[in-house]
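Peer 1: sequence and predicted structure, then a few things I'm wondering about:
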There are 2 protein chains.
Amino acid sequence: MDRLLADCRARLGFDLLGNTWNPVVLYALGAGPRRPGQLRAEIGGISAKVLTETLRRLEEYALVERRAYAEAPPRVEYSRTALGRTLLEPIEALGRWSATYGDAFVEAQGWDD
Amino acid sequence: MDRLLADCRARLGFDLLGNTWNPVVLYALGAGPRRPGQLRAEIGGISAKVLTETLRRLEEYALVERRAYAEAPPRVEYSRTALGRTLLEPIEALGRWSATYGDAFVEAQGWDD
DNA sequence: CGGTATCCGAAAAGATACTG
DNA sequence: CAGTATCTTTTCGGATACCG
């Protein structure tokens, strides 16, 4: 906490998770390798295109690993890399917060997404 | 963690922090009340307009409180509400991640913002 | 099924100038 | 100093159609 936020490194995590789908997809990958179809079902409300884009982005950052199997029909699995797993702590802290305060917040603010 | 991500409440925290500035501003408010000018200096790279918009948004969510003093020149201070403080844990977890892995990540990815 | 290519609209964010 | 008002640019995410 002694770092200035102006230092880009101190803000890296916020950049990585500072969009709608990166943290959600990363969170959904918590329980092990997942196929895109599974991810879409578990996450809900994400289009195939946006999911693919998100996974590509995370792959680029070396947070997620893509493994394709030469089968028909095609099978692809995504999983976290070692670096991606280090993000688990802050992401799950956020998940815990949602579980703890979500109801109260939604009630107070009238949010239902 | 037994909640489906499709449940909007389980994703609330991700929505609140899932944009560029909300988490950064909330993080910058960690050390107590701040004036807009201070925030801009500490954060860096945020325009007055965007900072105001962000603070208004956070105020709307009851995460941040605005206090204006009837002085000249005008003085305004923003601070976290009790609810906003509950978000401190996940946000600081993200800050810690940045401090721990920021350098390695930037080096590996060639990011300098 | 996984992935790509377009096209499109909404929202975010930047720049600038101005008010109390 | 804090905030507002415009205007412009850009990014993001959604919809649809199509390929291997």
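Peer 2: Alright, I've got the coordinates.

Peer 1: now residue A:64: phi and psi?
Peer 2: Residue A:64 has phi and psi values of phi -140, psi 150 when expressed as degrees, to the nearest 10.

Peer 1: my bad, residue A:74
Peer 2: According to degrees, to the nearest 10, residue A:74 has phi -60, psi 140.

Peer 1: ignoring the adjacent residues along the chain, who's closest to it?
Peer 2: Take residue A:74 and drop its neighbours on the chain: the residue closest to it by Cβ to Cβ, 6 or more residues apart in numbering or on different chains is residue A:68, 7.1 Å away. In short, each C-beta sits where N, CA and C put it, glycine included.

Peer 1: give the contact list for the one you found.
Peer 2: Residue A:68 makes contact with A:74-76 under the criterion Cβ atoms under 8 Å, 6 or more residues apart in numbering or on different chains.

Peer 1: check which helix or strand covers it.
Peer 2: Assigned by DSSP states H and E, residue A:68 belongs to strand A:64-69.

Peer 1: try residue A:89
Peer 2: Assigned by DSSP H and E, residue A:89 falls in helix A:88-109.

Peer 1: which of the contacts of residue A:68 are buried?
Peer 2: Taking 16 or more other Cβ atoms under 10 Å in any protein chain shown as the criterion, nothing in these is buried.

Peer 1: now, among those residues, which is nearest to DNA strand D?
Peer 2: The shortest approach to DNA strand D among those belongs to residue A:74, at 5.0 Å (Cβ to the nearest atom of the strand).

Peer 1: what about that closest one, distance to residue A:47?
Peer 2: 19 Å (Cβ to Cβ, to the nearest Å).

Peer 1: measure whatever residue of chain A ends up closest to DNA strand D to residue B:17 for me?
Peer 2: Among all residues of chain A, residue A:20 sits closest to DNA strand D, at 2.7 Å; criterion: Cβ to the nearest atom of the strand. Noted for residue A:20: a distance of 10 Å to residue B:17, by Cβ to Cβ.

Peer 1: columns pLDDT on top of the contacts of residue A:68, output as CSV?
Peer 2: As requested, the contacts of residue A:68 are arranged in CSV below (pLDDT from 0 to 100):
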residue, pLDDT
A:74, 87
A:75, 93
A:76, 96
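
Peer 1: which of these come close to DNA strand C?
Peer 2: Restricting the contacts of residue A:68 to those within reach of DNA strand C (Cβ under 7 Å from any atom of the strand) leaves A:74-76.

Peer 1: the residue most distant from the middle of chain A, which is it?
Peer 2: What lies farthest from the middle of chain A is residue A:72; by Cα atoms, centre = their mean that is 28.0 Å.

Peer 1: doesn't that one fall inside a strand?
Peer 2: No - read with DSSP: H, G, I helix; E, B strand; the rest coil, residue A:72 is coil and lies in no strand.

Peer 1: residues in contact with it?
Peer 2: Residues counted as contacts of residue A:72 (Cβ under 8 Å, 6+ apart): none.

Peer 1: roughly how far apart are it and chain B?
Peer 2: Counting by Cβ to the nearest Cβ, to the nearest Å, the gap from residue A:72 to chain B is 30 Å.

Peer 1: kindly report the residues of chain A close to DNA strand D.
Peer 2: Going by Cβ under 7 Å from any atom of the strand, the residues of chain A near DNA strand D are A:19-21, A:45-50, A:53-54, A:73-74.
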